[in-house]
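[1] Fold the following and give me the result.
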Amino acid sequence: MKENLDVSIVIPVYNEQDSLYTLYDNIVTAINHINKSYEIIFIDDGSTDDSWQVIEKLSQKDNQVKGIKFRRNFGKAEALSAGFELAKGSLVFTMDADLQDDPAEIPNFITKIEEGFDLVSGWKKTRHDPLEKRLPSKLFNAVTSKLSGLKLHDFNCGFKCYRNEVVKELRVYGERHRFLPVLAHQNGFSVAEIPVQHHARKHGVSKYGFERYIRGLLDVITLTFLGAYKKRPSHFFGGAGLLFMLCGGGIDIYIILLKIFTGTIQKKYPLLVAGVMITIVGVQFITLGLLAELIISSNRDSHIMIPSIKNKVNIQS
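    Numbering: from 1, shown residues only. Below is the predicted model of the structure:
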């Protein structure tokens, strides 16, 4: 088996037993059509159906099929992270296991990335999802695009193609899988987007609800902040602190001058208290910025829990 492959395809799986045979056949057909060496890496994220048994059968049929089964459901980000670590292909694809992504689009991704891009993201231009999913998604994509500075139509599409060096550099955990293009953009990689065919779900049910958009909006605010201030948090907190101190100090100076020139502060005691409190808040913000600088200087990367693996197939330890 070739150690350096053309294409790795990483597929998180959670209760998708009815889709996996068809997905495998479609992938192999698409890859053989462009004559590329490949590996398919299924990450079973704690499925409770027969998904792992199907993966084992596919691995026996084709030694280019690899699989990992987590002991429980850790989430899509952790599944992708495990797949990225194993991927040997020069190009690494990600796609969902529910047959809504069409492997026939793989040549189009390769054509686009060969133009010089590091990451090409899919855009489900025509979505076969209910309105209550499409509208929040449009809002989420618009806000994410505005806050991140990366102009994409569809951050939620799981169908993407990366150069191998991109996936080896990105750290994926929590809910960050939605923002891989943003993370790549922040790290200086070039990002593009192409429209892709989106099919209606044939088997199973969606694993995501409306709450993912709420979490997603909070996450994009966090990523925007980290992208701008991760290595210099005192600039953010210090700037806010100086602004509060300027406002509070201005109020206090006004009260002092009022006392000097009129002999009384004219019942402006609440304003005096407000000025003192605002100044204190400013000092606290500056102190918080300094503490943040101390933390990142002593601990550049936080510890990330590694998912517990139950079984493997065609994976060399």
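
[2] Report how many residues lie close to the residue lying closest to residue 233 once chain neighbours are set aside.
    Using C-beta to C-beta, 6 or more residues apart in numbering and skipping the chain neighbours, the partner closest in space to residue 233 is residue 292 (3.7 Å). The way it works is simple: take the backbone N, C-alpha and C, and place the C-beta from them, glycine included. By the criterion of other C-beta atoms under 10 Å, residue 292 has 18 neighbours.

[3] Is residue 292 in contact with residue 238, as I believe?
    No - using C-beta atoms under 8 Å, residue 292 is not in contact with residue 238; the gap is 9.8 Å.

[4] tell me which element the residue nearest to residue 233 is part of?
    helix 269-298 (DSSP states H and E).

[5] Of all the residues in that helix, which ones are buried?
    Buried residues in helix 269-298, defined by neighbour count with 16 or more other C-beta atoms under 10 Å: 271-272, 274-275, 278-279, 281-282, 285-286, 288-289, 292-293.

[6] tell me the mean pLDDT for it?
    Helix 269-298 carries an average pLDDT of 85.

[7] ok, now stretch 93-100?
    Stretch 93-100 comes out at a mean pLDDT of 94.

[8] And for it, what's in contact with it?
    Stretch 93-100 is contacted from outside by 7-14, 16, 19-20, 22-23, 26, 42, 80, 83, 101, 103, 106, 109, 128, 158-162, 198-204, using C-beta atoms under 8 Å, 6 or more residues apart in numbering.

[9] got the buried residues of helix 269-298 as JSON lines, with distance to residue 219 columns?
    JSON lines is the format used below for those (distance: C-beta to C-beta, whole Å):
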{"residue": "271", "distance to residue 219": "40"}
{"residue": "272", "distance to residue 219": "41"}
{"residue": "274", "distance to residue 219": "35"}
{"residue": "275", "distance to residue 219": "37"}
{"residue": "278", "distance to residue 219": "31"}
{"residue": "279", "distance to residue 219": "34"}
{"residue": "281", "distance to residue 219": "27"}
{"residue": "282", "distance to residue 219": "29"}
{"residue": "285", "distance to residue 219": "24"}
{"residue": "286", "distance to residue 219": "27"}
{"residue": "288", "distance to residue 219": "22"}
{"residue": "289", "distance to residue 219": "23"}
{"residue": "292", "distance to residue 219": "19"}
{"residue": "293", "distance to residue 219": "24"}
